[in-house]
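Participant: quick one: sequence plus predicted model below, questions after.
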Amino acid sequence: MSKSSAVRILLVDHSRGSLLFQESILRRREAHIVTALTGTLGIEIARQDKPQLIMFAFDLFDMTAPEFCRELRADATTRAMSLLLVCERESPEHAELCLSAGCNDVIYRPLQRHELDSKIARLTTIPSRRELRTLTRIEVSVEKNGRFIIGRSINISASGMFLEVDRVLPGEGKLRLHFYLPGDPKPLQLECEVLRAEFTGGTAKYGVSFGAANEEERERIERFVRRLRSRELL
């Protein structure tokens, strides 16, 4: 692989040891690797180097990871870059905060090469999510194979939802979500595609895409997200 065609990856972590370890894992991919020890420097490098993927920790010395995500998503120069949070499995709230701020995916320590390769391949070959999400708990009726399970949203955007349910969903069959947006009397019934899944304890979490939503449905969700985010900023 030539240097010009190599995947460009930016690593941002306040720990030099963590950066060196991640570099050692990624070196065999022949990727072009750049590192930064602070969030501010990471944003500056991202604007200049234009990596396809940014891997980052939650603690970035001068800012938190959600702040880092919002800065990147707010800038047209960096908005389309894929963002992968590296965090501890014991801190799932860190993952939720970053996903709501525009992060594409999460990988937990200790890093497993097969899982890391899979996520890097996906995040460097598909368009990244550009919308900001908002944290919100909405009761959702999950329909699959004619059966209904009650779940709860963790966050939502016009393009999809991060959803928590109390059991693992069957692998086959279409997934359909039925829910009401708070303040909106009209129900939403959306056919979805599962993009990723996480299993911790007795719960399962799914990142789903509203690929089949029409323009009117997307606009309703966008209005709801903008309304909630405006309250968060007060």
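Facilitator: Noted; the coordinates are in hand.
Participant: contacting residues around Phe68?
Facilitator: For Phe68, the contacting residues are Val12, Gly39, Gly42, Ile43, Phe56, Leu60, taking C-beta atoms under 8 Å, 6 or more residues apart in numbering as the criterion. Any C-beta I mention is one placed from the backbone N, CA and C, and that applies to glycine too.
Participant: apologies, that question was intended for Leu37.
Facilitator: Residues counted as contacts of Leu37 (C-beta under 8 Å, 6+ apart) are Val12, Asp13, His14, Arg16, Leu19, Phe61.
Participant: any idea how far Thr125 is from it?
Facilitator: The spacing between Leu37 and Thr125, counted by C-beta to C-beta, to the nearest Å, is 29 Å.
Participant: please identify the buried residues of stretch 90-109?
Facilitator: By neighbour count on 16 or more other C-beta atoms under 10 Å, the buried set for stretch 90-109 is 92, 94-108.
Participant: what about Leu190, neighbour count?
Facilitator: Using other C-beta atoms under 10 Å as the criterion, Leu190 is surrounded by 22 other residues.
Participant: can you say which helix or strand has it in it?
Facilitator: strand 188-200 (DSSP states H and E).
Participant: contacting residues around that strand?
Facilitator: Residues outside strand 188-200 that contact it (C-beta under 8 Å, 6+ apart): 89, 92, 105-106, 160-161, 168-169, 174-181, 204-213, 217, 220-221.
Participant: which of these are buried?
Facilitator: Buried by 16+ other C-beta under 10 Å: 92, 105-106, 160-161, 169, 175, 177, 179, 181, 204-208, 210, 213, 217, 220-221, out of these.
Participant: among the residues you listed, which are located in strands?
Facilitator: Counting by DSSP state E, the part of the buried ones among the contacts of strand 188-200 found in strands is Asp105, Val106, Gly160, Met161, Leu175, Leu177, Phe179, Ala204, Lys205, Tyr206, Gly207, Val208.
Participant: show me the contacts for the first one.
Facilitator: This means Asp105. Contact criterion C-beta under 8 Å, 6+ apart gives Ser82, Leu83, Leu84, Leu85, Lys119, Arg122, Leu123, Arg196, Gly207 as the residues in contact with Asp105.
Participant: swap in 10 Å and give it another go.
Facilitator: Asp105 makes contact with 82-85, 95, 98-99, 119-120, 122-123, 128-129, 195-196, 207, according to C-beta atoms under 10 Å, 6 or more residues apart in numbering.
Participant: what's the answer for the fifth one, then?
Facilitator: Residues in contact with Leu175 (C-beta under 10 Å, 6+ apart) are 142-145, 163, 169, 190-194, 206, 208.
Participant: make a markdown table out of these and add distance to Arg229 and pLDDT.
Facilitator: A markdown table is the format used below for these (distance: C-beta to C-beta, whole Å; pLDDT from 0 to 100):
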| residue | distance to Arg229 | pLDDT |
| --- | --- | --- |
| Val142 | 25 | 94 |
| Glu143 | 29 | 93 |
| Lys144 | 30 | 87 |
| Asn145 | 35 | 84 |
| Leu163 | 19 | 91 |
| Leu169 | 29 | 78 |
| Leu190 | 21 | 95 |
| Glu191 | 26 | 93 |
| Cys192 | 22 | 91 |
| Glu193 | 25 | 85 |
| Val194 | 25 | 82 |
| Tyr206 | 23 | 85 |
| Val208 | 20 | 88 |
